[in-house]
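> coordinates only, sequence not included:
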């Protein structure tokens, strides 16, 4: 079975987030005065390919986050793994 | 009621995604040979503040995406809006 991981990487609470502050400023300039905070992170869709089980796919996704996708000093991550029935799209 | 929007911005299918390709190369170099594709997008958490209803909050989030957060030429977006019981955290 092929699996797809959806990975969300966010700045840890308390870590300064310049991109989020910049977006907050942009929204306020557009008149969205009620917005009180923005945190900017990354969203990744990873076609994991073949895995023996969803537990195996989850382990692999977690390892990828720890090794490459998230900076553990300043970022948190969470993810979901789902079965990906179709053949991998070369665009993705 | 205060609302929180979780916004996901992804490159449209067919659009070249250099960041995703770079991450794919990095994962392969680390030995994750089964990975067949990576798409890199953005994940935003926006404390919308007060809104009259969840429909009102959703409309506001959609307008923000169209006006500032996503580039409609090359990006898609989707979002969820949830009630945010606690007072806005100044970190977020």
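Thanks, I have it. Model, not experiment: these values are computed from the prediction. Numbers count the residues shown, from 1 in each chain, chains lettered A, B, ... in the order given.
> Quick check: buried residues in stretch A:11-23?
If you call a residue buried by 16 or more other CB atoms under 10 Å in any protein chain shown, then stretch A:11-23 has these buried ones: A:11, A:17, A:20, A:23. From N, CA and C alone the C-beta is placed, and that goes for glycine too.
> just how off-centre is it within its chain?
15 Å (CA atoms, centre = their mean, to the nearest Å).
> likewise stretch A:51-61?
Centroid separation between stretch A:51-61 and its chain, computed with CA atoms, centre = their mean, is 17 Å.
> Tell me the residues of chain A that contact chain B?
Taking CB under 8 Å from any CB of the partner chain as the measure of proximity, chain A contacts chain B at A:8-10, A:13-14, A:20, A:23, A:26-27, A:30, A:32, A:34-51, A:60, A:64, A:67-69, A:88-92.
> For the residue of chain A positioned farthest from its centre, which three-state class applies?
Most distant residue from the mean C-alpha position of chain A: residue A:31, 28.4 Å away (CA atoms, centre = their mean). Under DSSP: H, G, I helix; E, B strand; the rest coil, the three-state class of residue A:31 is coil.
> Next, the angle from the longest strand seen in chain A to strand B:37-50.
Secondary structure of chain A per DSSP state E: the longest strand is strand A:37-50. Put simply, strand A:37-50 runs at 150 degrees to strand B:37-50, going by axes from the mean of the first three to the mean of the last three CA atoms, to 10 degrees.
> Same question for strand A:37-50: list its buried residues.
Applying 16+ other CB under 10 Å to strand A:37-50 flags A:37-49 as buried.
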